[in-house]
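A.B. asks: let's see this in three dimensions:
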Amino acid sequence: MGIESDLHNDQIRKELEQAARFPDMNPGPVLRVDFDGTILLSNIAARSILGDDLKGKNWVEINPDLNNDIWNEIIHNESVSYVECEIGEKVFRFDHRTDPEYKLVFVFGTDITINKQNARQLEEQKATIAEIARFPDMNPGPVLRVDFNGEILLSNIAAQKILGKDLEGKNWVEMNPDLDNAIWTDIISNESISYVECAIGDKFFRFDHRTDPEFKLVFVFGSDITINKENARKLEEQKALIEEIARFPDMNPGPVLRTDFQGNILLSNSAAKELFGEDLKGKCWRDICPNVSGELWDQILSSEQVVPVEAQIVDKFLMFKHRADTRNNFVFVFGMDITLQRLAESQLRQSEKMATLGTLAAGVAHEINNPAAANKRAAQQLRELLAKIDPVREKLYAVHMTQSEMDFIRMLAQKVNLPSDEKLSSMDSLNKETELEDWLEDYGIDEPWDIAPSLLAIGIDANQIAASVDGLNQEAVIAIINYISMLVPIYQLTGEIFEATSRITEIVGALKNYSYLGEAPVQKIDLHKGIDNTLVILKNKIKEGIEVKKEYSGDLPEITAYGSELNQVWTNLLDNAADALDGKGVITIRTLSDEQYVTVEIQDNGPGIPKEIQSRIFDPFFTTKDLGKGTGLGLSTSYGIIVEKHKGILTVESKPGKTSFKVQLPLELK
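C.D. replies: Coordinates of the predicted model:
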């Protein structure tokens, strides 16, 4: 019996030892934790991941994704609860199983790093597939997927816009006017790209077809080639024109010449001989044409484009277009008489100047008319008041006044000379006026409603006047108040007359300075003064809704320049900015200088100039304004004044919300 008992105990011990080894045999972390969260036991994997000294530590505090609320749910839940958390570079899932009888929680950890990575990769693949699915609709041209029978299976937005809605199910061969069954058979049997060109409405399209024989599909990619077709047509026309000119130079009404690369004339037509003389052959074109310098000739030889040169020959203006033929070492010169065009431009520029002058004159007249009308109105009112004040003054002089009453009138007179600048709300002003009217009426003063506003204008209310007249003779007080109440509007009217007259003087002075009347055309110029004078002249154009910000340099030097012509530039730029803002926005005028240039920048926050036309805005006759509102010569004239006359720089930068014209002028005019 003893031997059997020992054998039985050994068997139990071995089974217990084997059972005790189970946690350490688990490749994942295993913990036994009491209901307080204290770790009672951990396996090798747990200690390897979480640290050696785990026993006695609190599992809730160690696990970054556990908290007391979650732990309470775990210990009250007999089913398995899990928590995921990151430990180092790995992600683990910890399953918790509660033993309520022994108040223990068994924790089994699993490394799910690869699962997480796979899930992330799957999401990325889904996103990639979604992006790929968007490709057809992102294509600006029409895209179709068609089966071998020609039936449209899929179409993008551009295709539906061009070919119509509800394309799916329709037959592509029947829809395309330049496709037929024979061409379609060639397409589906050809693995290389096949294309068809066709007209749809007023546009031309090229449809490239790529066949997928495995899935029996044809992918169709369309592109708008309208511009290409138009350019090709124009190129053919130009080519034919050049060939005609080359064949019939004498039919050309303008001078035509052919020279070698040294400029020696090899051929000339009748018009050229009539203009320059019969014996042209062998002469040097650079010696005959006044504006063809050595540097410009090098440019002609190296350029693949036509190089225009304008020249005055006797009393005519001609444009000579040079085209270099590098293959044969020739230069072809085609002349055109532009005398009438230049005359028309000169007349139009003069007309624009007169129109601008008329606009400025109208604006100045309007600006002067306002203060002049105010002067007239104030003078008339002043005349009427002066006629009424005499009897009031006589009543005042008839009263014998004490020293206190003299002090009272002096106090009021001083306030008339220095009127109150206190600002009251409409309600406060009405209340004070009512109180003062009541006091004046109670005091025995006639027509208090006429007198109260005058006293309030100089800062006298009911309380003040009541305190001031205490102990004074009533007759004297009434005479004084009647007199002072008439002095107030007289002083106010003289102030209005002064302000209106000052405004007229300012406008006249600005107009005189703007035109540099009676001064030399070239002189030392204060740019700030010129811009300010221009703003005064344009005040009628730059209305109340437009704010003008000046960011002037504090040490901007004077420059030598044509003052009146620079003012014309400021007028054009500010006028354009005001037009762009359409009555609402901000114009910023900025100045600065360096060793070579002074810079004036005029910027507005209007809608901007479209990028595609910015390169043309300085061209003569080019305008963005509505028909009849602009000649297209304002910026062209400004460019000529700044670049050609002053050897400066005029540039523009524009985007929606910011258009900036930058003028750079040399300190000394050369």
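
A.B. asks: the strand or helix carrying V536 packs against which elements?
C.D. replies: Using DSSP states H and E, V536 sits within helix 527-537. The contact analysis (3 or more Cβ pairs under 8 Å, 6 or more residues apart in numbering; DSSP states H and E) places helix 527-537 against helix 339-398, helix 474-515, helix 563-581, strand 585-593, strand 597-604. For glycine as for every other residue, the C-beta is placed from the backbone atoms N, C-alpha and C.

A.B. asks: may I have the strands that pair with the following helix or strand past it, each with its orientation?
C.D. replies: Downstream of helix 527-537, the next assigned helix or strand under DSSP H and E is strand 546-551. Partner strands and pairing direction for strand 546-551 (DSSP bridges) are strand 585-593 (parallel).

A.B. asks: low pLDDT regions in the stretch 401-550 of the chain?
C.D. replies: Within the stretch 401-550 of the chain, the stretches with pLDDT under 70 are 419-426, 500, 502-521.

A.B. asks: one more: the stretch 201-350 of the chain?
C.D. replies: Within the stretch 201-350 of the chain, the stretches with pLDDT under 70 are 242-248, 250, 344-350.

A.B. asks: can you map out the helices along it?
C.D. replies: Ranges of helices in the stretch 201-350 of the chain, per DSSP state H, counting those that start in this stretch, are 226-247, 270-276, 285-288, 294-302, 339-398.

A.B. asks: can you list contacts of the third one?
C.D. replies: It refers to helix 285-288. For helix 285-288, the surrounding residues in contact (Cβ atoms under 8 Å, 6 or more residues apart in numbering) are 257, 259, 263-265, 276, 280, 292-294, 297, 331, 333.

A.B. asks: ok, and the most crowded of those?
C.D. replies: Per-residue neighbour counts (other Cβ atoms under 10 Å) across the contacts of helix 285-288 peak at L257, which has 26 neighbours.

A.B. asks: identify the residues contacting that residue.
C.D. replies: 265, 267-269, 272, 280, 285, 332-333, 335.

A.B. asks: need the buried ones from the residues you listed selected in ChimeraX.
C.D. replies: Selection of the buried residues among the contacts of L257 in ChimeraX, burial being defined by 16 or more other Cβ atoms under 10 Å:
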select :265,268,269,272,280,285,332,333,335
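
A.B. asks: the helix holding V536 vs helix 563-581, what angle?
C.D. replies: Interaxial angle, helix 527-537 versus helix 563-581 (axes from the mean of the first three to the mean of the last three Cα atoms, to 10 degrees): 50 degrees.

A.B. asks: what residues sit buried inside helix 527-537?
C.D. replies: Within helix 527-537, the residues that count as buried by 16+ other Cβ under 10 Å are 527-528, 530-537.

A.B. asks: just the angle between it and strand 597-604, please?
C.D. replies: Helix 527-537 runs at 30 degrees relative to strand 597-604, counting by the same axes, to 10 degrees.

A.B. asks: pull helix 527-537 out as PDB, backbone CA atoms only.
C.D. replies: Only the C-alpha atoms of helix 527-537 are listed here, as PDB (Å, rounded to 0.1, in the frame of the first residue of the first chain):
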ATOM      1  CA  LEU A 527       7.800 111.300 -57.600                       C
ATOM      2  CA  HIS A 528       5.700 111.400 -54.500                       C
ATOM      3  CA  LYS A 529       4.400 114.800 -55.300                       C
ATOM      4  CA  GLY A 530       3.600 113.800 -58.900                       C
ATOM      5  CA  ILE A 531       1.600 110.700 -57.700                       C
ATOM      6  CA  ASP A 532      -0.200 112.800 -55.000                       C
ATOM      7  CA  ASN A 533      -1.200 115.400 -57.600                       C
ATOM      8  CA  THR A 534      -2.500 112.600 -59.900                       C
ATOM      9  CA  LEU A 535      -4.600 111.200 -57.100                       C
ATOM     10  CA  VAL A 536      -6.100 114.700 -56.500                       C
ATOM     11  CA  ILE A 537      -7.000 115.000 -60.200                       C
END
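
A.B. asks: in JSON lines, list the buried residues of helix 527-537 along with distance to K203.
C.D. replies: What follows is the buried residues of helix 527-537, written out as JSON lines (distance: Cβ to Cβ, whole Å):
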{"residue": "L527", "distance to K203": "52"}
{"residue": "H528", "distance to K203": "54"}
{"residue": "G530", "distance to K203": "52"}
{"residue": "I531", "distance to K203": "49"}
{"residue": "D532", "distance to K203": "54"}
{"residue": "N533", "distance to K203": "54"}
{"residue": "T534", "distance to K203": "48"}
{"residue": "L535", "distance to K203": "49"}
{"residue": "V536", "distance to K203": "53"}
{"residue": "I537", "distance to K203": "50"}
